[in-house]
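Undergrad: The sequence and its predicted three-dimensional model are supplied below.
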Amino acid sequence: ENVPIVPRKRRVYVFHCPEAVVREEPGVPMVFDPSGVWFRREGTCQVGHFVCGRAVGPDPDLEGTAEDLEAGSGDGFFEEKCWEHLAHRVPAFENIKVVNSWQGFYDYNKLDQNAIIGRHPEVEDFIFAAGFSGHGIQHTPAVGRAVAELVVEGKFQSIDLSRFGFERVLNGEPFLEAVCY
């Protein structure tokens, strides 16, 4: 069977807003706009710096294709797809300047945007830990432990991650989250 994991392009921008000075902890929490645009304060020492991006959900064309890595901060994506939502959410963001940007890929699970974790039901000694759809950094400590237990002990012990198994892919049964950015 085909594994429903494809590369998806993502962009992250660092911008400066001289009018949005946040000097005290906890600062600005991570904010998600219904449009998919998100932002948070960047670091603890750069006053007025924020990091942002846009979660585009299942639309692979919104940010370009995996082959389109050359498009960057000067291609208009920030201005066309992010800036208006930022300024609507925080009026001080009307006067911002992008000072840095990053783009790259993550492994996107087309079935349900959740990782596939566990043994392949037909291929011996093949274990999945892929398709995190941008959530890998959040999940890797627990997944690493669970996969190590699976290899050493033959089963999940500390955390039962069986609902993330490949069987759900074979059965066409997505494990959906209500809000997934």
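TA: Cool, got the structure.
Undergrad: ranges for the helices of the protein?
TA: Taking DSSP state H as the test, the helices found in the chain are 77, 83-89, 136-153, 167-170.
Undergrad: Confirm for me that residue 118 is in contact with residue 154.
TA: No - Residue 118 is not in contact with residue 154 according to Cβ atoms under 8 Å; the separation is 11.7 Å. C-beta here means a position set from N, CA and C on the backbone, and glycine is covered the same way.
Undergrad: for this protein, what are the low-confidence residue spans?
TA: 1, 21-26, 44-45, 56-74, 178-181 (pLDDT under 70).
Undergrad: Spell out for me which residue occupies the centre of it.
TA: Centroid-nearest residue in the chain: residue 134, 2.8 Å away (criterion: Cα atoms, centre = their mean).
Undergrad: and the closest residue to that residue other than its chain neighbours, what does it touch?
TA: The shortest distance from residue 134 to any non-neighbouring residue, by Cβ to Cβ, 6 or more residues apart in numbering, is to residue 106 (4.8 Å). Residues in contact with residue 106 (Cβ atoms under 8 Å, 6 or more residues apart in numbering) are 7, 8, 10, 132, 133, 134, 136.
Undergrad: before we move on, the earlier item: higher neighbour count, residue 118 and residue 154?
TA: residue 118 (23 against 9; other Cβ atoms under 10 Å).
Undergrad: who's that one bridged to?
TA: residue 128 (DSSP bridges).
Undergrad: Against residue 18, how distant is it?
TA: For residue 118, the distance to residue 18 (Cβ to Cβ, to the nearest Å) stands at 49 Å.
Undergrad: which residues of the protein fall in strands?
TA: With strands called from DSSP state E, the chain shows them at 5-16, 31-32, 37-41, 49-54, 97-109, 116-119, 127-130.
Undergrad: got the angle for the third one vs strand 5-16?
TA: If I follow you right, that is strand 37-41. Orientation of strand 37-41 against strand 5-16 (axes from the mean of the first three to the mean of the last three Cα atoms, to 10 degrees) gives an angle of 50 degrees.
Undergrad: who touches strand 37-41?
TA: Under Cβ under 8 Å, 6+ apart, the answer for strand 37-41 is 22, 27-32, 49-55, 81-82, 85-86, 89-90, 181.
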